[in-house]
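Novice: Kindly return the folded structure for what I paste below:
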Amino acid sequence: MNVSGWTPKNFDDILRGEITAREALARSVNTATVRAAQRAGLDRVIAVAHRLGIDSELRRDFSTSLGASEVNLLELTGAFAPFANGGNGVLPYAITEIRDAQGSVLYRRAGSGTGRVIQRPALIAMTDMLRAVIMQGTGRAAALDRPAAGKTGTSQDFRDAWFVGFTADLVAGVWLGNDGGAPMERVTGGGLPTRIWHAFMAQANQGLPARPLPGEAALVADWVPSSQAMPLDPLVDPRGGVRQLR
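Specialist: This next block holds a predicted model:
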């Protein structure tokens with residue numbers, strides 16, 4: 001595969017031929033991801049990323065579809081929140097209220113998120129694919145005693161490794177790397193970051209009932225009509241159904 005002189009490769013150097021979007025995401029197949037970006041169009045890929053909550057500037061080349069553009073962990077984790085809450089954008093924040101020594105409220109966080117950023121067809125598709133990452137893909141070490149979904153990531157030369165995932169109640173992201181960008185000792189997203197995420201989420205979800213992920217109950221064989229999709233949802237095939245990638 002050659003894209004303007006650039007040849008994306010899979011981590012295991014295996015060429016799988018025709019593959020579904022679900023398997024491609026579950027197994028982090030880079031070539032299929034780039035092919036999907038080509039079909040959707042780079043402008044649409046970038047627009048969707050910004051709509052989900054990525055604020056950083058994204059490079060306008062197809063390596064961006066593999067994470068070549070740098071973003072911080074907070075915005076990346078925030079961009080996963082719509083998959084966990086039913087499709088609504090969020091504005092991450094840390095401070096809810098500030099009071100003075102007398103107890104008077106000086107500041108109280110107000111407002112909500114950015115509204116719906118994912119329509120039901122794309123939410124259904126993404127829930128299914130992100131579940132597959134944990135059920136049978138690179139994120140198997142993240143499996144919990146309840147439905148969970150997420151995505152692993154490993155940058156070139158093992159400089160970054162991350163896992164972002166969610167349950168019906170919580171979203172969390174883990175990043176590992178060196179401050180100076182030096183390579184790590186073959187640390188991958190499906191390894192230590194995924195195990196750290198599992199340990200944290202197992203504790204954080206204690207006492208909470210296991211619940212299906214938003215849209216999970218709607219994962220049926222018949223595809224939701226794509227007429228319900230937003231114009232910038234590249235995961236929805238206008239003919240109906242989930243696209244297969246070659």
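Novice: can you count the residues close to residue 51?
Specialist: Neighbour count of residue 51, defined by other Cβ atoms under 10 Å: 17. The way it works is simple: take the backbone N, C-alpha and C, and place the C-beta from them, glycine included.
Novice: Angles on the backbone of the closest residue in space to it that isn't next to it in sequence, please.
Specialist: Counting by Cβ to Cβ, 6 or more residues apart in numbering, residue 117 is the residue found nearest to residue 51 once chain neighbours are left out, at 5.0 Å. Residue 117 has phi and psi values of phi -120, psi -10 when expressed as degrees, to the nearest 10.
Novice: And residue 141, by the same measure?
Specialist: phi -70, psi -10.
Novice: Same question for residue 153.
Specialist: Here is the backbone geometry of residue 153 (degrees, to the nearest 10): phi -150, psi 140.
Novice: I'd like the distance between it and residue 80.
Specialist: Here the distance between residue 153 and residue 80 works out to 12 Å (Cβ to Cβ, to the nearest Å).
Novice: which of those two has more neighbours?
Specialist: For residue 153 versus residue 80, the count of surrounding residues by other Cβ under 10 Å is larger for residue 80: 23 against 19.
Novice: tell me the secondary structure for the residue located most distally from the centre of the chain?
Specialist: For the chain, the residue at maximal distance from the C-alpha centroid (Cα atoms, centre = their mean) is residue 102, at 43.4 Å. Using DSSP: H, G, I helix; E, B strand; the rest coil as the criterion, the local structure at residue 102 reads coil.
Novice: picking up where we left off before, based on its surroundings, how many neighbours for the residue nearest to residue 51?
Specialist: Number of residues near residue 117 (other Cβ under 10 Å) recorded here: 23.
Novice: my guess is it contacts residue 54, does it?
Specialist: No. Counting by Cβ atoms under 8 Å, residue 54 is not a contact partner of residue 117; they are 11.3 Å apart.
Novice: That's all I had, so thanks and see you.
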